[in-house]
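Engineer: Quick check, what structure comes out for this input:
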Amino acid sequence: MTKRTQLALATALVAALAVGASGCSDPKKGSAAPGGANPAAANDGKVLGGTPAKGGTLTVLSNQDFSHLDPARNWTMPAMDFGTRLLYRTLVTFKAEPGKAGSELVPDLATDLGTPSNGGRTWTFTLKEGLKYEDGTPIKAQDVKYNVERSFAPDLTGGPDYAAQYLAGTDGYKGPLQGQHLDSVKTPDDRTIVFELKRPVAEFSATATLPTFAPVPQSQEKGTQYDARPFSSGPYRIESYDRDKKLVLVRNEHWDPGTDTVRKAYPDKFVVVMGLKGGQIDDRIIASEGADASAVEYSNMRPESAPKVLPKPDVKSRLLAESQGCTTMLHLNTSRAPFNDPKVREAMHHALDKEAVITAAGGPALNEIATAYLPPALTGGKQADTLKIAPAGDPAKAKELLKAAGKETLKVSLAVSTGDKGRAEAIQQGLARAGVEVVIDTVDPGAYYDVIGDLSTTPDMTFTGWCPDYPSGSTWIPFVFDGRTIKEKGNQGNYSQFRDEAVQKRIDEINAMADAKQANQAWIDLDAEIMKKAPSIPVLQERKPLLIGTNIAGAFGHPVWTGTIDYATVGLKDPSKGQG
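Structural biologist: Now for the predicted structure:
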């Protein structure tokens, strides 16, 4: 059998097990109620394995290296969870709890959530006393300022753009590596940091949860090499890091739990083993033999593993599959032919078979079809359906539109992460019905965002998702569809390279709204307007299926980091069984 056939057989079983799963799910929560028809949702909102004991080695099995661990460059959800929970702290963070409680902000390095003044254009944070790095030196406000400044450096690509979006006086700023500093970030003393913004930002406390707002002392600056050895302000430090093979974290003896209400730091050591095959990881954790009993998955369980998990209560009890709260899209490169033609883009929306992509992604137990850009958590629990295209698409309509555009046949390139090859093949087959030939290029997951974020190497189409950094449309549409955010290298979010003056003007108008409810509705309305211009195709909303070993305790999928296991509280039932 071909791999495509194997996927179809596997996901047919998942679909059979999950009859009605989509219908019984609560879109406001992004998941079915525990005990409902969807077997993947059985552990929603639960902490698995009880309370961990202190000690032992917890192993993380992964098919990839981290895109970036440098906090100025770290902007993929699983890596942000890993970095901010284990290696470095931020001014503010989120509670370590499942469900809605996990979205609550709490102080981290700062004593509180920040104090706004000047009508919300100025925010002041005070650092706690007694904060130290891995070598025992004190953490200073100047170090947070320095990392914020580093996020502007042209060589340190890939990180969050919020500093550039919000801070005053940043035009033309290229970071601190040449000795230039930002006047809009002030540090009147070692424990005080003041941010001066170009406009009021009521939600700046939430922005301060991002890795950009972690400390990096200037004395530790290593440019692009800092990625391999971030200097720890968290509960663990790097003992060794062999790129693409293994990362070993051991305790930072200078981390003071008395200053940290969130991280529990149960294991003595974290070992991340990289470069494994996805199915191999699933099989090892299902079997849970030896050190694998004390292991968790970093990347999603493979769709073809679902029949080994969902029908078996003892294995299903070790599956976390929280809603990711993201929208996965097929981005069309609007900067060049053929997708600089709106008619061709519209045709692609009709040509795509979303049902086939759902099947290849694990069936309805693990996915729901997306009909808009903004995820349900930002739209009152339900997505709009502006274009009203059938889930299986309309290839006849697509052919009609392509003919009108003078493009009856097309050949286009699609880049996907290696783990998304099955979904890419489903996209390929669906578009072929309308005469669109798709050439698939699979890229190593650790390099994927660097490839598609470089305008010299980005293909005609990319397949990736976008997730809100916190519950606000301001963390979504401006990053995905504002043409002013596009970068030659390290381009993040606007993978369609969509530039539209009317959309940019409306983004500025919404950002200036003081009423959060009014702004929220405006983002939803703008979503519909952008859908009509068709720069990207919303495809699906996913759960994040992650298996844990039989010796794992304190595991849950965090609602902010797209259902990734919260590394702040995970540990082992019996530390003596943890090896490595």
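
Engineer: give the contact list for Leu105.
Structural biologist: Neighbour list for Leu105: 92-95, 113, 205-206, 209 [criterion: Cβ atoms under 8 Å, 6 or more residues apart in numbering]. Using the backbone N, CA and C atoms, a C-beta is placed for each residue, glycine as well.

Engineer: In helices, which of these fall?
Structural biologist: Using DSSP state H to define helices, the subset of those located there is 205-206.

Engineer: For Gln521, state which of the contacts of Leu105 is nearest.
Structural biologist: Nearest to Gln521 among the contacts of Leu105, counting by Cβ to Cβ, is Ala206 at 19.6 Å.

Engineer: Apart from its chain neighbours, what residue comes closest to the closest one?
Structural biologist: Counting by Cβ to Cβ, 6 or more residues apart in numbering, Ala206 lies nearest to Tyr470, which is 3.9 Å off, once chain neighbours are set aside.

Engineer: distance of the one you found from Met77?
Structural biologist: 12 Å (Cβ to Cβ, to the nearest Å).

Engineer: Between the two, which is the more surrounded one?
Structural biologist: Met77 (21 against 16; other Cβ atoms under 10 Å).

Engineer: What separation do you get for that one and Arg484?
Structural biologist: 24 Å.

Engineer: picking up where we left off before, could you list every residue that touches the residue nearest to Ala206?
Structural biologist: 103, 203, 206-207, 209, 560.

Engineer: buried subset of the residues you listed?
Structural biologist: When the contacts of Tyr470 are checked for burial by 16 or more other Cβ atoms under 10 Å, the buried set is 103, 203, 206-207, 209, 560.

Engineer: Remind me which helix or strand Val438 belongs to.
Structural biologist: Element membership for Val438, per DSSP states H and E: strand 436-443.

Engineer: Next up, the contacts around the residue nearest to Ser576 when sequence neighbours are not counted.
Structural biologist: Spatial nearest neighbour of Ser576, excluding adjacent residues (Cβ to Cβ, 6+ apart): Gly56 at 6.9 Å. Taking Cβ under 8 Å, 6+ apart as the definition of contact, the neighbours of Gly56 are 267-269, 294, 571-572, 574-578.

Engineer: Filter those down to the buried ones.
Structural biologist: Among these, the ones that count as buried (16+ other Cβ under 10 Å) are 267-269, 294, 571-572, 575, 577-578.

Engineer: Select from the residues you listed every entry located in strands.
Structural biologist: Using DSSP state E to define strands, the subset of those located there is 269, 571-572.

Engineer: Tell me which stretches of the stretch 151-300 of the chain form helices.
Structural biologist: Assigned by DSSP state H, counting those that start in this stretch, the stretch 151-300 of the chain shows helices spanning 162-166, 204-207, 278-287.

Engineer: average model confidence for the last one?
Structural biologist: This points to helix 278-287. Along helix 278-287, the predicted local confidence has a mean pLDDT of 95.

Engineer: got it, and stretch 519-531?
Structural biologist: 96.

Engineer: if I look at Lys277, how far off is Leu61?
Structural biologist: Taking Cβ to Cβ, one finds Lys277 at 10 Å from Leu61.

Engineer: okay, those two: which has more neighbours?
Structural biologist: Set Lys277 next to Leu61 and count neighbours by other Cβ under 10 Å: Leu61 wins out with 24 against 12.

Engineer: what's near enough to touch the residue nearest to that one when sequence neighbours are not counted?
Structural biologist: Taking Cβ to Cβ, 6+ apart as the measure, Leu61 lies nearest to Ile281, with 4.5 Å between them; neighbours along the chain are not counted. With contacts defined as Cβ under 8 Å, 6+ apart, Ile281 is in contact with 61-63, 297, 299.

Engineer: now Pro235
Structural biologist: Remark: with contacts taken as Cβ under 8 Å, 6+ apart, Pro235 is in contact with 86, 251-252, 255, 257, 260, 263, 265.

Engineer: Output the residues you listed in TSV, with distance to Thr359, neighbour count and pLDDT appended to each entry.
Structural biologist: Putting the contacts of Pro235 into TSV (distance: Cβ to Cβ, whole Å; neighbours: other Cβ atoms under 10 Å; pLDDT from 0 to 100) gives the following:
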residue	distance to Thr359	neighbour count	pLDDT
Leu86	36	22	98
Arg251	45	17	98
Asn252	45	22	98
Trp255	46	22	98
Pro257	47	11	98
Asp260	44	20	98
Arg263	39	22	98
Ala265	41	21	98
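
Engineer: Where does pLDDT dip in the stretch 401-550 of the chain?
Structural biologist: By pLDDT under 70, the stretch 401-550 of the chain contains no weakly predicted segment.

Engineer: what about the strands in it?
Structural biologist: Counting by DSSP state E, counting those that start in this stretch, one finds strands in the stretch 401-550 of the chain at the ranges 410-417, 436-443, 461-466, 536-547.

Engineer: so which of these gets nearest Lys46?
Structural biologist: Between Lys46 and those, the tightest spacing by Cβ to Cβ is seen for strand 536-547, at 13.0 Å.

Engineer: and the closest one, what does it pack onto?
Structural biologist: Secondary structure elements in contact with strand 536-547, counted by 3 or more Cβ pairs under 8 Å, 6 or more residues apart in numbering; DSSP states H and E, are helix 278-287, strand 295-297, strand 319-323, strand 327-332, helix 354-360, strand 367-369.

Engineer: That one to strand 327-332, inter-axis angle?
Structural biologist: 140 degrees (axes from the mean of the first three to the mean of the last three Cα atoms, to 10 degrees).

Engineer: Direction included, what does strand 536-547 pair against?
Structural biologist: On the basis of DSSP bridges, the sheet neighbours of strand 536-547 come out as strand 319-323 (antiparallel), strand 327-332 (antiparallel), strand 367-369 (antiparallel).

Engineer: which one of these lies closest to Trp476?
Structural biologist: Trp476 lies closest, by Cβ to Cβ, to one member of the strands paired with strand 536-547: strand 327-332, at 8.5 Å.

Engineer: so how many other residues sit close to Ala168?
Structural biologist: Once other Cβ under 10 Å is used to define contacts, Ala168 is seen to have 16 neighbours.

Engineer: isn't Ala40 right up against Glu542?
Structural biologist: No. Between Ala40 and Glu542 there is no contact, the gap being 10.7 Å when judged by Cβ atoms under 8 Å.

Engineer: Counting neighbours, go ahead and name the busier of these two.
Structural biologist: Here Ala40 and Glu542 are set side by side on neighbour count (other Cβ under 10 Å), and the busier one is Ala40, at 29 against 25.

Engineer: Tell me the secondary structure of that one, please.
Structural biologist: Secondary structure, DSSP: H, G, I helix; E, B strand; the rest coil: Ala40 is helix.

Engineer: Without its sequence neighbours, what residue ends up closest to the residue nearest the centre of the chain?
Structural biologist: If you average the C-alpha coordinates of the chain and look for the closest C-alpha using Cα atoms, centre = their mean, you land on Met77, 2.9 Å from that point. In this structure, Met77 finds its nearest non-sequential neighbour in Thr562, 4.3 Å apart by Cβ to Cβ, 6+ apart.

Engineer: Can you pull out the residues in contact with the biggest helix by length in the chain?
Structural biologist: Ranked by number of residues, the top helix in the chain under DSSP H is helix 516-533. Residues outside helix 516-533 that contact it (Cβ under 8 Å, 6+ apart) are 202, 342, 345, 372-374, 378-380, 384, 386-387, 472-474, 476-477, 481, 498, 500, 503, 506-507, 509-511, 513, 538.
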